[in-house]
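S.K.: Would you be able to build a 3D model of this:
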Amino acid sequence: MAASDENVGVSKQIIYGGKGECPKFEKNTKVTFHFRTISPSDSTNEETVIDDSRTMGCGPFELLYGRGFKLAIWERIVQTMKVSEVARFTCKKELVRYYVLVSKSLRDVAKQNRGEKVEPLSSHRCGAALLGCHGHQSTGYEDLDHLQEHSSDLVFEIELLSVENEGSYEKGIWSMNSDEKRDLIPKLKEQGNELYKNGQYLEAAAKYGTAIGCIEILESFEAPGSDPEKALYQMKEPLLLNYAQCKLHLGEYSNAIKQTTTVLRRSPNNVKALFRRGKAYALSLKAREAKVDLEKVVQLDSSLSQSVTKLLHDLDIEQKKQDKDDRALLQGKGFFK
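M.R.: Numbers count the residues shown, from 1 in each chain. From the prediction side, this is the model:
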């Protein structure tokens, strides 16, 4: 690609020259790079940064070359670069129509990394539907919705970090196919279980979280309520419960509540989910919510009554202590004479 070649819809501006020669790109070569996606200058001469991989929360982008990545223009532009090179590529809108899909996927991954819930599209999940073949659907991100409704040229500022030949790197989830993801899930669960047994709750949570992420990527290709989607959820439910248990040990009660609530939406009588959410509520001193969950636990499984009684007793003690502390604080401020 020439420094400027409007005939192919792309112009390139080198900001910082790279090292050596351009690498050889073969199928399954892993290309790692940071990127900034920019909306070109408008009438006010101001550029708008849409995404920046350094701040998104999912790390530098890893592209497996020659695997039919949906945003094909990225394969085309990185093969013109040297390692450590930084360059800006202005691309015609016809070449970047799938960027909305890529950006949504990356933002969703970043949300999952933060323990936040990602809502799937309400109906058609294919790229064509998202891009408007059946009418525009919300991506869940206002700026991406605007971009899919008002397509425009985009600028990609790329810093090429590394180029690795197949066999010299460990595959990341993003680059795995569906079968590879399915094979990885039970391995991650087993690794998480071992870490949990050793009291390594943070590391165990990371394994469970990665497995959940794999399943949610697979779920995104299945219709809600279909047999394949139900089968995937059955794999995900124990992972959500294990993840919640780790979060309880780590004192991250709101996250434990979030994961168990996800389970209870599908399985309202799941005793483990009710008990763990009730415990998280109790440790958060949310007495009313804790009692609702824990009383239901005893109704469903009377063998847990002793554990529930202890939790509620401890909650009552902590609640009284908190009330006493609050009263002392208010008295000190002159609320009670």
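S.K.: Spatially nearest residue to residue 237 (excluding sequence neighbours)?
M.R.: Closest residue to residue 237 apart from its sequence neighbours, by C-beta to C-beta, 6 or more residues apart in numbering: residue 263 at 5.7 Å. All C-beta atoms are positioned from the backbone trio N, CA, C, and that covers glycine.
S.K.: and residue 81, what does it touch?
M.R.: Residues in contact with residue 81 (C-beta atoms under 8 Å, 6 or more residues apart in numbering) are 18, 22, 87, 158, 160.
S.K.: Now, of these, which are buried?
M.R.: Buried by 16 or more other C-beta atoms under 10 Å: 18, 87, 158, 160, out of the contacts of residue 81.
S.K.: got the contact list for stretch 181-189?
M.R.: Here stretch 181-189 makes contact (C-beta under 8 Å, 6+ apart) with 173, 176, 207-208, 210-211, 214-215, 217-218, 235, 238-239, 242.
S.K.: Give me the sheet partners of the helix or strand hosting residue 37 and which way each runs.
M.R.: Taking DSSP states H and E as the criterion, the element that holds residue 37 is strand 30-39. The strands beside strand 30-39 in its sheet (DSSP bridges) come out as strand 48-52 (antiparallel), strand 61-64 (antiparallel), strand 154-164 (antiparallel).
S.K.: In a markdown table: those strands, plus distance to residue 202 and mean pLDDT.
M.R.: Converted to a markdown table, these look like this (distance: least, C-beta to C-beta, whole Å; pLDDT from 0 to 100):
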| stretch | distance to residue 202 | mean pLDDT |
| --- | --- | --- |
| strand 48-52 | 27 | 95 |
| strand 61-64 | 24 | 89 |
| strand 154-164 | 27 | 96 |
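S.K.: Which residue in the contacts of stretch 181-189 has the weakest pLDDT?
M.R.: On pLDDT alone, residue 173 ranks lowest of the contacts of stretch 181-189, at 75.
S.K.: For that residue, give me its contacts.
M.R.: Shown in contact with residue 173 (C-beta under 8 Å, 6+ apart): 181, 184, 210, 213-214, 217.
S.K.: Specify the stretch among the strands paired with strand 30-39 that is closest to residue 80.
M.R.: For residue 80, the closest of the strands paired with strand 30-39 is strand 154-164, at 9.7 Å, according to C-beta to C-beta.
S.K.: And the closest one, how far out from the chain middle?
M.R.: Mean-position distance between strand 154-164 and its chain equals 22 Å (C-alpha atoms, centre = their mean, to the nearest Å).
S.K.: same deal with stretch 179-197?
M.R.: The chain centre lies 18 Å from the centre of stretch 179-197; the measure is C-alpha atoms, centre = their mean.
S.K.: Stretch 84-95 now?
M.R.: Worked out by C-alpha atoms, centre = their mean, stretch 84-95 lies 26 Å from the chain centre.
S.K.: Contacts for it, please.
M.R.: 9-19, 40, 72-73, 77, 80-81, 151-161.
S.K.: hmm, 6 Å instead?
M.R.: Contact with stretch 84-95 is made by 9-16, 18-19, 73, 77, 151-160, as judged by C-beta atoms under 6 Å, 6 or more residues apart in numbering.
S.K.: Just the buried subset of those, please.
M.R.: Looks like the contacts of stretch 84-95 have 9-12, 18, 73, 77, 153-160 buried, using 16+ other C-beta under 10 Å.
S.K.: ok, now which ones touch the spatially closest residue to residue 257 that is not a sequence neighbour?
M.R.: In space, residue 257 comes closest to residue 280 once its chain neighbours are excluded; the distance is 4.8 Å by C-beta to C-beta, 6+ apart. Contact analysis of residue 280 by C-beta under 6 Å, 6+ apart lists 253, 256-257.
S.K.: can I see the domain layout of this structure?
M.R.: Domain ranges of the chain: 4-164, 173-332, per automatic domain parsing.
S.K.: The ones you listed: lowest mean pLDDT?
M.R.: For the domains of the chain, where the average pLDDT is lowest is domain 4-164, sitting at a mean of 83.
S.K.: show me what contacts residue 321?
M.R.: Residue 321 makes no contacts at all, as judged by C-beta under 6 Å, 6+ apart.
S.K.: what about 10 Å?
M.R.: Applying C-beta atoms under 10 Å, 6 or more residues apart in numbering, we find residue 321 in contact with residue 285.
S.K.: That one is in what secondary structure piece?
M.R.: Per DSSP H and E: residue 321 is located in helix 305-332.
S.K.: Over to residue 90?
M.R.: strand 86-91.
S.K.: got the CA positions of that strand in CSV?
M.R.: C-alpha atoms of strand 86-91 as CSV (Å, rounded to 0.1, in the frame of the first residue of the first chain):
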residue,chain,number,x,y,z
VAL,A,86,2.9,3.9,14.3
ALA,A,87,0.7,5.0,11.3
ARG,A,88,-2.7,6.6,10.6
PHE,A,89,-4.9,5.0,7.9
THR,A,90,-7.9,6.9,6.6
CYS,A,91,-10.4,4.4,5.2
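S.K.: downstream neighbour of it in the secondary structure list?
M.R.: Heading C-terminal from strand 86-91 (DSSP H and E), you reach helix 99-113.
S.K.: Pull the CA coordinates from that next one and hand them back as CSV.
M.R.: As requested, the backbone C-alpha atoms of helix 99-113 are provided in CSV (Å, rounded to 0.1, in the frame of the first residue of the first chain):
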residue,chain,number,x,y,z
TYR,A,99,-16.4,-1.7,12.5
VAL,A,100,-19.6,-1.4,14.6
LEU,A,101,-19.6,-5.1,15.2
VAL,A,102,-16.0,-5.2,16.2
SER,A,103,-16.3,-2.3,18.5
LYS,A,104,-19.4,-3.7,20.2
SER,A,105,-17.7,-7.1,20.7
LEU,A,106,-14.6,-5.4,22.3
ARG,A,107,-16.6,-3.2,24.5
ASP,A,108,-18.7,-6.2,25.7
VAL,A,109,-15.5,-8.1,26.5
ALA,A,110,-14.2,-5.1,28.5
LYS,A,111,-17.5,-5.1,30.4
GLN,A,112,-17.2,-8.8,31.2
ASN,A,113,-13.7,-8.2,32.4
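S.K.: No more questions from me, cheers.
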